[in-house]
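Trainee: The following block contains a protein sequence and its predicted model.
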Amino acid sequence: MADRVVGVIGGSGLYDLDSLEDRDEVRMETPFGAPSDAIITGTLHGVRCAFLPRHGRGHVLTPSELPFRANIYAMKALGMSSVVGVSAVGSMKEELRPGDLVLVDQFIDRTRGRTEESTFFGDGCVGHVHFAAPIWEPLRQLALTAARDVVDGDAKVHDGGTYLCMEGPAFSTRAESKLYRSWGVDVIGMTNLQEAKLAREAELAYSTVALVTDYDCWHESEEDVDVAAILKVLHDNAARAKRLVERLAEVVAGADPVSAAGVMEYGVITAKDKVSGDARRRLQALIGQYLG
């Protein structure tokens, strides 16, 4: 079905989507550099998909090194209208256990060095996007359905939650972890907020599927964050994430198309005759219809 498309950005542990049919590997350059890795395109249940490993195959990029703008630009250039970001996270609440899935709906930004990678605007064009609801709810509902259909064992699916995005790559101190808990945060990660911001500017529907790996370091009766233990959970979560993506494609195939088209109609503030040539070139494929 040509009108059903979904992009997937795989997080820690999810580096390929081997169930894709008619696979093709796409390497591309964007006005913002190259994406994290080659993008694998193909179909699942008749839905056209594009898969990108966020950290590159072999996990070679830290969260602070990720080319967020190039990754989202590439998804738009490949014709995706929606993107699901799969992410490994730490739990900030007792009831969110390792192995659980959280369909978050809010973010808090605690990153420091990612200003440039958090927006397509600047350098000749100013824009502001409405971001009170950072997750595209119709897409989140589809992902929620898929998650509930594939959850197994003792794992649970949690509908909603706040994702605190930290800089990394080090995990939190115990004092930081306790501070974030006092804010009512549900999970903590290092990557998805920038994707959500950029997707909104690019008029892409975006949703996060957060897979819990650990209890961060606040939990007094659990071991502090242990990389070896996390890697074991990551392995299990990666298999669960693949099943979720496959089921999501089925759900998307049977649902109305999801689109965020039009959200930037009034977002470009710079007068059309003042948009620089370089900015026009960078933004043309994203929101060229609003640049005149």
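Mentor: Happy to help now that I have it.

Trainee: measure stretch 284-292 end to end?
Mentor: 10 Å (C-alpha to C-alpha, to the nearest Å).

Trainee: Go ahead and name everything in contact with it.
Mentor: 73, 76-77, 120, 125, 127, 201-203, 264-265, 267-268, 272-273, 275, 280, 283 (C-beta atoms under 8 Å, 6 or more residues apart in numbering). All C-beta spots, glycine's among them, are computed from the backbone N, C-alpha and C.

Trainee: From these, list just the buried residues.
Mentor: 73, 76-77, 120, 125, 127, 201-203, 264, 267-268, 275, 283 (16 or more other C-beta atoms under 10 Å).

Trainee: What backbone torsions are found at the closest residue to Trp136 other than its chain neighbours?
Mentor: Once flanking residues are discounted, Trp136 sits nearest to Ala205: 3.8 Å by C-beta to C-beta, 6 or more residues apart in numbering. Note on Ala205: backbone dihedrals following degrees, to the nearest 10 are phi -70, psi 140.

Trainee: rewinding a little: the contacts of stretch 284-292 in helices, which ones?
Mentor: Among the contacts of stretch 284-292, the members found in helices (DSSP state H) are 73, 76-77, 201, 280, 283.

Trainee: could you redo those residues as CSV and give each row pLDDT and distance to Glu116?
Mentor: Output for the ones in helices among the contacts of stretch 284-292, formatted as CSV (pLDDT from 0 to 100; distance: C-beta to C-beta, whole Å):
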residue, pLDDT, distance to Glu116
Tyr73, 98, 14
Lys76, 98, 18
Ala77, 98, 20
Glu201, 98, 13
Arg280, 97, 19
Leu283, 98, 15
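
Trainee: ok, those residues vs Asp105, which is closest?
Mentor: Using C-beta to C-beta, Glu201 comes nearest to Asp105 of the ones in helices among the contacts of stretch 284-292, at 19.0 Å.

Trainee: List the contacts of Ala210.
Mentor: So Ala210 contacts 87-89, 101-104, 161, 163, 187, 189, 192 (C-beta under 8 Å, 6+ apart).
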